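> take a look and give me a structure for this.
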Amino acid sequence: DRPALKMTVLGAASLEAEREGYKREHLQALVRAEKRRALVVGGTAADASAVVTVSAGEYPELLKAVYKRADIPKPRNFVGMAKDIALPEMEALLLAHIAVTEESMRELATQRGVAVRDYLAARQLPLERLFLGAPKAAAAAAAAASAARGATEPWRPRAELQLSTR
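Next up is the predicted model:
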């Protein structure tokens with residue numbers, strides 16, 4: 001209703017609060033990629049845009065394949081061969097070697113902003129009125145949000161909207 005109103009979407013992410021969740025999601029993505037690779041090797045055409053799901057029954061075998069391919073230090077037996085370890089240990093070792101950086105958090109924050117912008121565009125908001133701002137720095141975003149609330153609420157993933165007229 002107000003054509004002069006412009007919206008800027010800012011994504012936010014927190015390295016400290018989201019580190020473990022980011023690692024778990026990255027590991028799940030590796031497992032899904034392993035399943036996609038196995039489908040291609042097995043002769044089944046895997047559409048790159050199709051969502052690959054992994055059942056609980058498939059997960060152990062796929063996790064073992066991810067672990068086997070991973071270029072990480074693995075426990076060795078007395079002969080020097082990589083030794084078989086339990087699934088929880090494999091998972092923990094893989095998670096421990098997934099790097100989470102400020103850059104990966106900036107990318108995550110940008111993806112959140114894009115998702116909100118795309119949602120608003122799908123709701124018939126003209127794209128020329130929607131802008132994507134630089135993602136908020138994790139530490140600064142968390143500190144500013146906590147100070148603004150005056151409370152110690154836990155971090156929640158979010159994107160913020162800034163309105164302006166021009």
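
> hey, let's count contacts and neighbours off CA atoms from now on
Fine.

> by mean pLDDT, flag the weakest helix or strand of the protein.
Within the chain, judged by mean pLDDT, DSSP states H and E, the helix or strand with the poorest mean is helix 138-149; its value is a mean of 53.

> I'd like the next helix or strand past it.
Helices and strands here follow DSSP states H and E; after helix 138-149, the next one along the chain is strand 158-165.

> give me the buried stretch members for the longest helix along the chain, please.
Across the chain, the longest stretch assigned as helix under DSSP state H is helix 15-41. Buried positions in helix 15-41, judged by neighbour count with 16 or more other CA atoms under 10 Å: 15, 17-19, 22-24, 26-28, 30-36.

> could you list the low-pLDDT ranges of this structure?
45-49, 137-152, 166 (pLDDT under 70).

> center of it - which residue?
Tyr22 (5.1 Å; CA atoms, centre = their mean).

> which residues does Leu62 contact?
If a contact means CA atoms under 8 Å, 6 or more residues apart in numbering, then Leu62 has Val31, Glu34, Lys35 as its contacts.

> got those residues as TSV, with distance to Arg156 columns?
Shown next, in TSV, are the contacts of Leu62 (distance: CA to CA, whole Å):
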residue	distance to Arg156
Val31	26
Glu34	30
Lys35	31
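
> and the next helix or strand past the longest helix of the chain?
helix 59-69.
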